[in-house]
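Asks: the following comprises the amino acid sequence and a computationally predicted model.
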Amino acid sequence: MLHFRSELYNFATLLHNHKATFMNQKKMPVTVLSGFLGAGKTTLLNHILHHRHGLKVAVIVNDMSEVNVDARLVEGQHTLSRTEERLVEMSNGCICCTLREDLMVEVEKLAKENRFDYLLIESTGISEPVPVAQTFSFVDEQSGIDLSRWATIDCMVTVVDAYNFAADFGSLDTISGRSLSDGDDHRTIVNLLTDQIEFANVIILNKTDLVPHSRLKELHAIIHALNPGARIIESSFSKVEIREIVNTGLFDYGQAEQSAGWIRELEKVENGGHVPETDEYGISSFVFRDARPFHPKRFWDYIQQNWPAGIIRSKGLFWLASRASQALNWSQAGGSVRAESAGVWWASMPADQRRRYQAYIDNRDTIEARWGEFGDRVNELVLIGQDLNQQQILGELEACLCTPREIALMESGARFADPFPGL
Ligand SMILES: Nc1nc2c(ncn2[C@@H]2O[C@H](COP(=O)(O)OP(=O)(O)OP(=O)(O)O)[C@@H](O)[C@H]2O)c(=O)[nH]1
């Protein structure tokens, strides 16, 4: 009995101490550096380490290859105190996918030491920032790690190479195509760049020494259109004010998810009609919205043959007369166009099934408020681009919609030739 009691006491003390440690512990703030290969992430990391004003930092450097070159470059600078600070190398994979769990383990370990003021993470050039950020907000089922207890993202930074941006954004190269990873990676570089730009608090437009001033300003405007919510800082050799990217308090997952230019444009339209503006570099954005279905062949031909070259980014939902139940996701960035299934429209579900689902969704009001001739089916495309002739493009898209006769055919069950792949 006595033995049992003492165990109980020890357990209670342990629990108390653990709780006390946890309560006293401030969550470790984190800045994540993203950006395509060679943009200047390691240069930025070294710059921060040289100017960190006494902050005790831990650094995680992720590299796709076995030999972590970037970690060597950081070590070579001797900016970290050997006794008080830490450099963790994560090699041979990517923290946004294959090494995601390892990232959680490393961050938790560093945070539990409770002696670092800050964590800097340099991701690989082909990392997507969204899954990295998500790692800090969900509980991993396998390991049981809940990083949100230990660390918090302070700022998502993306470094953009001002010299190579246009060529990379304009190319259709894939990651594998450029031999940037082992195995098959069919993600296009332009989509990766877009993801990195759209989910950032701060975008560093680097290598300004290599581009003429006017080109730089134009790039600035394009990047602002892609992510109007981000601060854009121009730099040469990643020399930026440290307070712009460390301890900023800028990151909020919900806001970051909503900061892309195309989402902002949709919101403006929802909130009472947006008057399109064109800035001095001819950048503008607008929304095409029409409930009528696209004629599959006409829309396909338009995309293949006449899609305006000035459209930098477009995103949204659409539907085709040939597949009335399927909602389709549209995503174009530079020369890369993707269409994929977004599930089924509410209108294509039997009423009783719809009612059952309705209890679980929180955008019910929006769906019902928008219910029209075709239920919730709609084509809603945001277009962002340079030197766009808005009226002409809206007219061309409208011409791809079904005519009243074609709609009647659709409703009578007629089949339409559909060149879109089975999505
Ligand atoms: N001219 C010029 N060169 C730069 C600038 N910033 C970085 N560099 C050089 O560009 C090269 C790549 O820079 P890194 O900092 O290694 O780029 P990174 O994004 O870490 O590259 P990866 O780790 O390969 O993804 C290096 O040779 C840098 O010295 C800049 O502003 N101007």
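Replies: Happy to help now that I have it.

Asks: where does this structure come near the ligand, residue by residue?
Replies: Contact residues of the chain with respect to the ligand, defined by CB under 6 Å from any ligand atom, are listed as 35, 37-43, 70, 125, 206-207, 209-210, 236-238. For glycine as for every other residue, the C-beta is placed from the backbone atoms N, C-alpha and C.

Asks: please spell out the PyMOL selection for the buried subset of those residues.
Replies: The buried subset of the residues of the chain next to the ligand, as determined by 16 or more other CB atoms under 10 Å, is captured in PyMOL by this line:
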select buried, resi 35+37+39+40+41+42+43+70+125+206+207+238
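
Asks: which members of the residues of the chain next to the ligand occur in strands, if any?
Replies: The members of these that map onto strands under DSSP state E are 35, 206.

Asks: backbone torsions only: list them for residue 185.
Replies: phi -130, psi 100 (degrees, to the nearest 10).

Asks: now it. Nearest residue, chain neighbours left out?
Replies: Among residues not flanking residue 185 along the chain, residue 175 sits closest, at 3.9 Å (CB to CB, 6 or more residues apart in numbering).

Asks: what is the burial count for residue 183?
Replies: The criterion is other CB atoms under 10 Å. On that basis, residue 183 has 6 neighbouring residues.

Asks: and the residue nearest to residue 185, how far from residue 392?
Replies: 35 Å (CB to CB, to the nearest Å).

Asks: okay, those two: which has more neighbours?
Replies: In terms of neighbours (other CB under 10 Å), residue 175 is the more surrounded of residue 175 and residue 392; the figures are 21 against 10.

Asks: hang on, residue 269 packs against residue 285?
Replies: No: the pair residue 269 / residue 285 is not scored as a contact, 10.0 Å apart, by CB atoms under 8 Å.

Asks: which residues in the stretch 51-200 of the chain form strands?
Replies: When secondary structure is read from DSSP state E, counting those that start in this stretch, the stretch 51-200 of the chain shows strands at 57-63, 86-91, 118-122, 151-161.

Asks: no no, the stretch 251-400 of the chain
Replies: Taking DSSP E, counting those that start in this stretch, the strands of the stretch 251-400 of the chain run over residues 283-290, 311-320, 323-333, 336-344, 379-386.

Asks: name the residues that touch the last one?
Replies: Translated: strand 379-386. Counting by CB atoms under 8 Å, 6 or more residues apart in numbering, strand 379-386 makes contact with 222, 225-226, 261-263, 265-266, 281-294, 308, 310-319, 330, 393, 397, 401, all of which sit outside it.
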